[in-house]
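Visitor: just the structure for this:
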Amino acid sequence: MHGCVYPSLFFLEKKADRIRSYRLLRAGVIYAILLTLPLTILIEQGNIILYLIAQLSFTALNVIYLIPIASVFTEMFPMKIRYTGISFSINISSAIFGGLTPMVMTWLAHSTGKFSLSSSYMILAAVISLLSLEWARICKCGKL
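Guide: The predicted structure is shown next:
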């Protein structure tokens, strides 16, 4: 499945070089906010074709989000604290969202009886990401 989407990396990387990384990342986050619920409803239908379409779409959203992230992190932190700032940001967010996500998603799916409602956690994470991205854009921190 990833073999179908990852060739598009070349096109998107070239596109990311022409437009600002913040704009591409913001577009990816907005698409994630808008498409997460419909895609999880597609997964819930039980049809293998709809499931594959949803998975391919989630992979495409992941690609759109991951392409500009290194550039955005580089612009986000001044050179003196860049390594510490990036590693701290990645590790804390991985611990909070990566560690808690399976537990929260399973709890939401079991307590509501619908897998699609567990997408609210992903939407909340995307909204936090969008707000953080806007805050970082406003508070640019110095020299590259």
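Visitor: I'd like to know how far Gly28 sits from Ile86.
Guide: Computed as Cβ to Cβ, to the nearest Å, the Gly28 to Ile86 distance reads 19 Å. For every residue, glycine as well, the C-beta is placed using N, CA and C.
Visitor: and if you look at Leu124?
Guide: 23 Å.
Visitor: of these two, which one has the most company?
Guide: Ile86 (16 against 13; other Cβ atoms under 10 Å).
Visitor: where's the more buried one, which helix or strand?
Guide: helix 82-93 (DSSP states H and E).
Visitor: could you identify the helix or strand that succeeds that helix?
Guide: Using DSSP H and E, the helix or strand that follows helix 82-93 towards the C-terminus is helix 99-112.
Visitor: what's the first helix or strand after that following helix?
Guide: helix 119-138.
Visitor: contacts only, for Arg18.
Guide: Contact partners of Arg18, counting by Cβ atoms under 8 Å, 6 or more residues apart in numbering, are absent.
Visitor: can you check what angle separates the helix of greatest length in the chain from helix 119-138?
Guide: Determined from DSSP state H, the single longest helix within the chain is helix 21-44. Relative orientation of helix 21-44 versus helix 119-138 (axes from the mean of the first three to the mean of the last three Cα atoms, to 10 degrees): 180 degrees.
Visitor: who does the helix or strand just after helix 21-44 touch, helix- and strand-wise?
Guide: The helix or strand immediately downstream of helix 21-44 is helix 48-66, counting by DSSP H and E. Contacts defined by 3 or more Cβ pairs under 8 Å, 6 or more residues apart in numbering; DSSP states H and E place helix 48-66 against helix 2-5, helix 8-18, helix 21-44.
Visitor: worst mean pLDDT among those?
Guide: Mean pLDDT values for those show the minimum at helix 2-5, a mean of 60.
Visitor: shaky segments in this protein?
Guide: Across the chain, the ranges flagged by pLDDT under 70 are 1-17, 137-144.
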